[in-house]
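Student: A predicted structure for the sequence below; I have some questions about it.
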Amino acid sequence: MSYHQISRPELGIRREWQFPLPQMRTLDNGMTIWAYQLPGQYVLSMELVFDVALSDEPTGHEGVATLALRCSDEGTVAHPGNALAERIESIGAEYDGGAARWATRCGIDVAAPYADRNCSGGGWGPGLSVEQVDEDLVGVAGLLGGGGQVGAQPEEAL
């Protein structure tokens with residue numbers, strides 16, 4: 001079927017649209033949630049933005065934000081080891097993050113029906129041992145051109 005065989009759709013009356021304003025709520029812990037109601041959307045996009053820029057990292061401890069992001073999907077108390085990454089993948093969610101000059105952020109996109117069952121509840125505290133953080137710290141130092149040498153012990157850097 002070529003495009004010549006497709007009839008042109010009827011145009012309706014143009015309606016004004018603008019991105020909705022957020023509904024803002026502050027939690028007891030001081031975190032502010034901005035919720036945008038977008039009817040008809042079935043994917044939840046959640047993002048945490050930390051007011052920690054790359055320029056905030058102390059001299060000699062460069063890479064701490066990257067290290068924290070790399071470790072953030074490598075296990076929690078309730079989902080140790082690769083279980084958290086496998087759980088994220090099993091529901092078709094996308095988890096990502098980045099450290100930039102203005103802030104550090106991490107986020108997840110997930111189909112709404114899976115969000116309540118998989119993103120709520122306790123057990124989201126970090127589940128990495130000091131040894132696992134050491135391994136990631138050496139990897140980050142290598143990415144930064146440090147050849148695996150780091151200027152601080154992991155517990156000092158974090």
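Tutor: Alright, I've got the coordinates.

Student: where does R105 sit: helix, strand or coil?
Tutor: What DSSP: H, G, I helix; E, B strand; the rest coil gives for R105 is strand.

Student: contacting residues around it?
Tutor: Residues in contact with R105 (CB atoms under 8 Å, 6 or more residues apart in numbering) are 47-50, 97-98. Just so you know, the C-beta spots here come from the backbone N, C-alpha and C atoms, and that holds for glycine as well.

Student: low pLDDT regions in this protein?
Tutor: Low-confidence segments of the chain, defined by pLDDT under 70: 1-4, 116-130, 132-158.

Student: what segments of it are helices?
Tutor: Ranges of helices in the chain, per DSSP state H, are 64-71, 83-90, 112-119, 130-143, 154-157.

Student: just checking, what packs against the first one?
Tutor: Taking 3 or more CB pairs under 8 Å, 6 or more residues apart in numbering; DSSP states H and E as the contact definition, the neighbouring helices and strands of helix 64-71 are strand 94-99, strand 104-111, helix 130-143.

Student: apply 10 Å and report the result again.
Tutor: Contacts defined by 3 or more CB pairs under 10 Å, 6 or more residues apart in numbering; DSSP states H and E place helix 64-71 against strand 43-50, strand 94-99, strand 104-111, helix 130-143, helix 154-157.

Student: many thanks, have a good one.
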